[in-house]
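1. Just to be clear, the model below is a prediction. Sequence and coordinates:
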Amino acid sequence: MRLWLLFAALILVVPPVAAQSVLPTRFAGWQAVPGSSRAVVPKQLPQAQAAVLQNCREQSAEYQSYQRNGAQIGVTLYSMRSPSWGYSAFSLLRPVPATSFRPTQHSSIGSNQAMMLVGNLLVDVTGKSLATHGKDFVSLAQVLQAQASAEPYPTLWQYLPAKDFVPHSDRYALNPQTLDHALAETGAGTWGSGDWLGFYDSAEAEVGQYNVAGRRVTLLLASYPTHQLAAEHLKDMEKWFDINPAPGAPKTARVLYARRIGSVVGMVDGAGSAAQANGLLAQIHYQTVVTWNEPSFMFHQLTMPEYIVGIITGTGVILLITLVVGIALGMIRIGVKRFFPGVIFDRRRSVEVIQLGLTSKPIDPTDFY
């Protein structure tokens, strides 16, 4: 009982060990401000930003201030579950870029805020005139790369058409909550409640906005693991939306012009006509490439003569191997008996032959011959 009380007291008295910081103490001449490192909790963030990070499976966050030559910046690092979730959060939270320079593949540097994705690590930088420090963020990304996930980023955004695309309007979603965030930015509100797109079947979505004939049009791409799932979910969407209505038909629900291309379903909202929507859907950059990197196998049905020839050949090979091995072992035995008589083979103390004595030769039980 005393041991248990002592153990409980140690748990209460000994402070927990702090988690190791992922952010470096210095990079590209920037030095961490002593005592500025702290953990970041959701209540310290704006409500909308905290909601996005929570829906994108944020696991932990930390903040660190840096200074160099009188300038100061703040760096917040969010550790996401995977690069896919990190890319979703980046697409929903990134600032409007003030420069075309990108420290990483997915990054955006604004005037007073910069954001970049390094594997599953989402880096948010605040400060003044950040566009002049772009190359410094390359050094920071290289330091963080060793601790980031090496899983690939999503590629669904590459299917979006380039013509009439509204810059920086692409958003990536992996669950209904992030899809609601993405669609809310289009100004047309959410399209439905619940998981109407099929995220429970490992779907992923990409939202982009376009200026088509003076109208702001939203294109939603939904990718599924197989062509069959894409067809099934497109059929199920008819329960919530008026898919590809005929000209002049009464509108009973939200009108969407949709098209399935392999395992990808494209949906257009806000188009003035079916022709405008179909023109946008026809530009989706998607093609199926089937590759086979395994050696091919051609089955050949053997005839009866081939079976007989095969049996004879196999038997002959076995007999030949047996003959060669037998001759080799016999020669080895003769050689050993010649040079080492009675040492290895036919030793007198271990060999005894029973003789009947039918000849005049005296009986010697140790005489092998």
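-> Nice, I can see it. Numbers count the residues shown, from 1 in each chain.
2. low-scoring pLDDT stretches of the stretch 251-369 of the chain, where are they?
-> For the stretch 251-369 of the chain, the stretches with pLDDT under 70 are 288-299, 346-355, 357, 363-369.
3. Would you map the helices across the stretch 101-250 of the chain?
-> 134-145, 176-184, 227-236 (DSSP state H, counting those that start in this stretch).
4. Return the distance of the residue nearest to Ser60 when sequence neighbours are not counted relative to Gln64.
-> Among residues not flanking Ser60 along the chain, Ser79 sits closest, at 4.7 Å (Cβ to Cβ, 6 or more residues apart in numbering). All C-beta atoms are positioned from the backbone trio N, CA, C, and that covers glycine. In this view, Ser79 and Gln64 are 14 Å apart by Cβ to Cβ, to the nearest Å.
5. now swap in Ala131 and tell me
-> Ala131 is 21 Å from Gln64, by Cβ to Cβ.
6. Which residue of those two possesses the greater neighbour count?
-> Between Ala131 and Gln64, counted using other Cβ atoms under 10 Å, the more crowded position is Gln64 (20 against 15).
7. How many neighbouring residues does Leu46 have?
-> Let me fix one detail, which is that residue 46 is Pro and not Leu. Applying other Cβ under 10 Å, I find that Pro46 has 9 neighbouring residues.
8. So it versus Ser107, what's the distance?
-> Taking Cβ to Cβ, one finds Pro46 at 21 Å from Ser107.
9. Please apply the same query to Leu329.
-> 74 Å.
10. And the two? Which one has more around it.
-> Counted by other Cβ under 10 Å, Leu329 and Ser107 do not tie: Ser107 has more neighbours, with 21 against 10.
11. end to end, how far does stretch 232-251 reach?
-> 23 Å (Cα to Cα, to the nearest Å).
12. Over to stretch 99-106?
-> End to end - Cα to Cα - stretch 99-106 spans 14 Å.
13. Show me which parts of it are buried, residue by residue.
-> Across stretch 99-106, burial judged by 16 or more other Cβ atoms under 10 Å covers Pro103, Thr104, His106.
14. quick one: which of these is nearest Lys337?
-> Thr104 (78.6 Å; Cβ to Cβ).
15. list the contacts for that closest one?
-> Met116, Leu117, Val118, Val138, Ala141 (Cβ atoms under 8 Å, 6 or more residues apart in numbering).
16. so can I have JSON lines of these showing pLDDT, neighbour count and distance to Tyr200?
-> Below are those laid out as JSON lines (pLDDT from 0 to 100; neighbours: other Cβ atoms under 10 Å; distance: Cβ to Cβ, whole Å):
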{"residue": "Met116", "pLDDT": "97", "neighbour count": "25", "distance to Tyr200": "31"}
{"residue": "Leu117", "pLDDT": "97", "neighbour count": "25", "distance to Tyr200": "26"}
{"residue": "Val118", "pLDDT": "97", "neighbour count": "26", "distance to Tyr200": "30"}
{"residue": "Val138", "pLDDT": "96", "neighbour count": "17", "distance to Tyr200": "39"}
{"residue": "Ala141", "pLDDT": "96", "neighbour count": "21", "distance to Tyr200": "34"}
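17. Asp201: which of those residues is nearest?
-> Leu117 (25.9 Å).
18. wait, doesn't the closest one sit right on Trp85?
-> No. Leu117 is beyond contact range of Trp85, at 10.4 Å (criterion: Cβ atoms under 8 Å).
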